[in-house]
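Student: Okay, sequence plus prediction incoming.
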Amino acid sequence: MLAVRTSLFIIIVACFFITPTLRGQEEFSVHYLVDSSRQLTLDDVLSQSFQNTFDQQLVENSNFGFDKSAYWFRIKLNDPKNEPLILEIIQNSLDSVTLYQKAGIEWKSKTLGHLFNPKEKEFGGVNYAFELLPDAQKHYIYVRVKTSGTVAVPISISSKSAYSKFNIKMTLFLGVFFGLMLVMAIYNLLLYTYLRDRAYILYVGATIFGLATSLVLNGYGYLFLWPENPHIDDHIYLTFAGLSIVCSSRFAATFLNLKRFDPKMDKLLWVVAGAGLLMSFLSLFYNAQQLLLYGRVLVLFSFPTYIYIGIRTYRRGYGIALYYVIAWIPYILGLILVTLRGAGLVPELVVTAYGIEVGGASEAVLFSLALAARIKGMRKQLIEKELEKEQFKTKLLSEQKELLEKTVEERTFELQEANQTKDKFFSIIAHDLRSPLIGLQGIGQKMDYYLKKNKMEKLMEMGGQIDTSVDHINHLLNNLLNWASKEAGQIPYNPAPIDLKELVEENIKLYQSLAKSKEVKIERELDEVTANIDLNTISTVIRNLLSNAIKFSPSGEKIKISLKLEAGHAELCFSDKGPGISADVQKKLTSEKLSASKKGTGGEKGFGLGLKLCNEFVRLNKGSFIIQSVPNGGTEIYVRLPMV
């Protein structure tokens, strides 16, 4: 409510200063004539045909929008005075304004305008004022206006005293506005140096560039800074306006904390900032008339967008956004009215002429209140955070003991598991290496004896035993090495297109002698299939599964190996008629823990690592490893691998 009351107070005070009735205006009528050729002279318009045109065109709205035609205005005082009066054109951007008044039998003329040096003005100020002689007041007075911008020609006629009083009030009003904006900019700059909050420096930028824009639009830049170069006005106010939009859009994003509450709107405001920066750049090469459409669209889009985003952010739970919305409303309404006035879409009124100044004064005060509320909110958040920290510390202390005990239990359990794994690992090595090494023990003495006795059959039998023992030891060492590499995370993985049929055939050849010695026949149904796999790891899988199938198959049985395409995958199946694997054992074989070894049908030693490695290596190749088996019913193992 304080913000609303403050805004209303500023608007009421502003209206007191700039209400036209305070001028003590004289009553008069105005008719107009459009000179599209821009060539008509006073003698032309005094002709009866043009006088008839004047009679038919009464001025009801003094804003004619953008038009390159010359405009003639015929003015008739209802009550001429015996003292000089002041006729004022309340628009400082008109290129040329010529007043014609009759003195006796002659017509006197005087020309002022934006294209002329302001020092030529008899009464000073930013507008164009002419003295009306008492004799001229009894006749028609003519004003010719020619400009390249908006043809807005609000006319006022008043006594010299009323004109002077009003100008004093206008100067005071604009002085209050500019002074207030400057004070707010300095105040927020000081706050920025203390708080280092980016919102304040962005607000200072928006205020300073907005103030500079207003100074140029009110004619003070041309009046005091570049009187010899009036064309600067057509460029520089767009430069300032664009930079003001850049700062105001980023101020909106920072003040509303859009990165947190609404990232999409933050990106939208970056687009608005970019458009504002582009307008500032283009204004260096193009004038206001050439950038007219671009500038108006940007203004009419960007500033209402600020309010929309503020309301949207407020609805998302950011309470301070309400102050932001209230602060923007008077300024944006004034800016929109001035923009529409320039386009000739609204009449020439006090609120449309000075909407930016009235709204800007309200906005400056209200935004200061909004920023103060933001500081208060930030302090409240800091206090709440400190309270949360204290509560967190208390909670942390109460939970720390439990967490520490839980951590100790977990570490103890992991250590016990590691010790069990280590013990199991050494148990496997001791158990599975003993048998093949015992088989080699004393082999030299036996060979020497059989050689002396010339028992060649025994020597050949011993050669087979040696091969079997060496194969078992080699197989065990390979699996142990692969298992150790897996645990250390050092297994290389280099997938490439591999012919699976050829790979399976190569590995079968390695185990033909072992299968033949056990009288196990290997049958195969292999399709031509190419898979995207790592050669070494899948070769290890095939060798392990083939070795297990031979090892656990009874003598005289068959092993079946198939390879085919199945549901977009390469499916490799190893099937045997061995004792099978129970569900409990299957779970252990594919778990992370090492399991005890199991003897084959011929008394062969199992190493307890093969299926684990197979499972891990198949998963490494982005495949699936499936065991289908029941006790005493044989085993089928499916390996599904990705295609090329």
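Tutor: In hand now; what should we look at? These numbers come from a predicted model, not from an experiment.

Student: Next, the contact list for Leu565, please.
Tutor: Leu565 sits next to Asp527, Val529, Glu571, Met643 when contact means C-beta atoms under 8 Å, 6 or more residues apart in numbering. The way it works is simple: take the backbone N, C-alpha and C, and place the C-beta from them, glycine included.

Student: sorry, that was for Lys577
Tutor: Lys577 sits next to Ser553, Pro554, Glu557, Lys558, Gly634 when contact means C-beta under 8 Å, 6+ apart.

Student: 7 Å instead, please
Tutor: Contacts of Lys577 were listed using C-beta atoms under 7 Å, 6 or more residues apart in numbering, and they are Ser553, Pro554, Glu557, Gly634.

Student: all helices for the stretch 101-250 of the chain, in order.
Tutor: Under the criterion DSSP state H, counting those that start in this stretch, the stretch 101-250 of the chain contains helices at 160-195, 198-217, 220, 233-255.

Student: can you pull the buried residues of the last one?
Tutor: Buried residues in helix 233-255, defined by neighbour count with 16 or more other C-beta atoms under 10 Å: 233-255.

Student: then that helix to PDB, C-alphas only?
Tutor: Output in PDB follows, covering the C-alpha atoms of helix 233-255 (Å, rounded to 0.1, in the frame of the first residue of the first chain):
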ATOM      1  CA  ASP A 233      19.000  14.300 -31.700                       C
ATOM      2  CA  ASP A 234      17.800  11.900 -34.400                       C
ATOM      3  CA  HIS A 235      20.400   9.300 -33.500                       C
ATOM      4  CA  ILE A 236      21.600   9.700 -29.900                       C
ATOM      5  CA  TYR A 237      18.300   9.300 -28.100                       C
ATOM      6  CA  LEU A 238      17.900   5.800 -29.700                       C
ATOM      7  CA  THR A 239      21.500   5.000 -28.600                       C
ATOM      8  CA  PHE A 240      20.600   5.900 -25.000                       C
ATOM      9  CA  ALA A 241      17.200   4.200 -25.200                       C
ATOM     10  CA  GLY A 242      18.800   0.900 -26.500                       C
ATOM     11  CA  LEU A 243      21.300   0.900 -23.700                       C
ATOM     12  CA  SER A 244      18.600   1.600 -21.200                       C
ATOM     13  CA  ILE A 245      16.700  -1.500 -22.500                       C
ATOM     14  CA  VAL A 246      19.900  -3.600 -22.200                       C
ATOM     15  CA  CYS A 247      20.400  -2.500 -18.500                       C
ATOM     16  CA  SER A 248      16.700  -2.700 -17.600                       C
ATOM     17  CA  SER A 249      16.300  -6.200 -19.100                       C
ATOM     18  CA  ARG A 250      19.300  -7.600 -17.200                       C
ATOM     19  CA  PHE A 251      18.200  -5.700 -14.100                       C
ATOM     20  CA  ALA A 252      14.800  -7.500 -14.400                       C
ATOM     21  CA  ALA A 253      16.500 -10.900 -14.700                       C
ATOM     22  CA  THR A 254      18.800 -10.200 -11.700                       C
ATOM     23  CA  PHE A 255      16.200  -8.700  -9.400                       C
END
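
Student: roughly how far apart are Gln416 and Glu410?
Tutor: Remark: distance between Gln416 and Glu410 (C-beta to C-beta, to the nearest Å) = 11 Å.

Student: cool, and Glu122?
Tutor: As defined by C-beta to C-beta, Glu122 lies at a distance of 95 Å from Glu410.

Student: just Val246 next, same as before
Tutor: Note on Val246: its distance to Glu410, by C-beta to C-beta, is 56 Å.

Student: And for Arg379?
Tutor: Arg379 is 43 Å from Glu410, where distance means C-beta to C-beta.

Student: Which parts of the chain belong to which domain?
Tutor: The chain is divided into the following domains under automatic domain parsing: 21-165, 181-377, 488-642.

Student: Tell me which of the ones you listed sits most buried.
Tutor: Comparing those by mean neighbour count (mean count of other C-beta atoms under 10 Å), domain 181-377 ranks first with a mean of 19.

Student: what mean pLDDT does it have?
Tutor: Mean pLDDT, domain 181-377: 81.

Student: List the residues that contact the residue nearest to Phe28 when sequence neighbours are not counted.
Tutor: Closest residue to Phe28 apart from its sequence neighbours, by C-beta to C-beta, 6 or more residues apart in numbering: Leu77 at 4.8 Å. Shown in contact with Leu77 (C-beta under 7 Å, 6+ apart): Glu26, Phe28, Gln137, Ile157.

Student: Could you measure from Leu77 over to Trp107?
Tutor: 17 Å.

Student: helices or strands up against the host helix or strand of Asn536?
Tutor: Using DSSP states H and E, Asn536 falls within helix 535-552. Judged by 3 or more C-beta pairs under 7 Å, 6 or more residues apart in numbering; DSSP states H and E, helix 535-552 is in contact with helix 500-510, strand 569-576, helix 610-620.

Student: and the angle from the next helix or strand after the last one to helix 535-552?
Tutor: Taking DSSP H and E as the definition, the helix or strand that follows helix 610-620 towards the C-terminus is strand 624-629. Between the axes of strand 624-629 and helix 535-552, defined by axes from the mean of the first three to the mean of the last three C-alpha atoms, to 10 degrees, the angle is 0 degrees.

Student: Direction included, what does strand 624-629 pair against?
Tutor: Applying DSSP bridges, strand 624-629 is found paired with strand 635-642 (antiparallel).

Student: ok, and the closest non-adjacent residue to Leu132?
Tutor: Using C-beta to C-beta, 6+ apart, the nearest residue to Leu132 is Leu85, at 4.4 Å.

Student: tell me the contacts of that neighbour?
Tutor: Taking C-beta under 7 Å, 6+ apart, one finds Glu26, Leu132, Gln137, Ile157, Ser158, Ser159 in contact with Leu85.

Student: how does it look with 10 Å?
Tutor: By C-beta atoms under 10 Å, 6 or more residues apart in numbering, the contact list for Leu85 reads 26, 28, 77, 130-134, 136-137, 157-160, 162-163.
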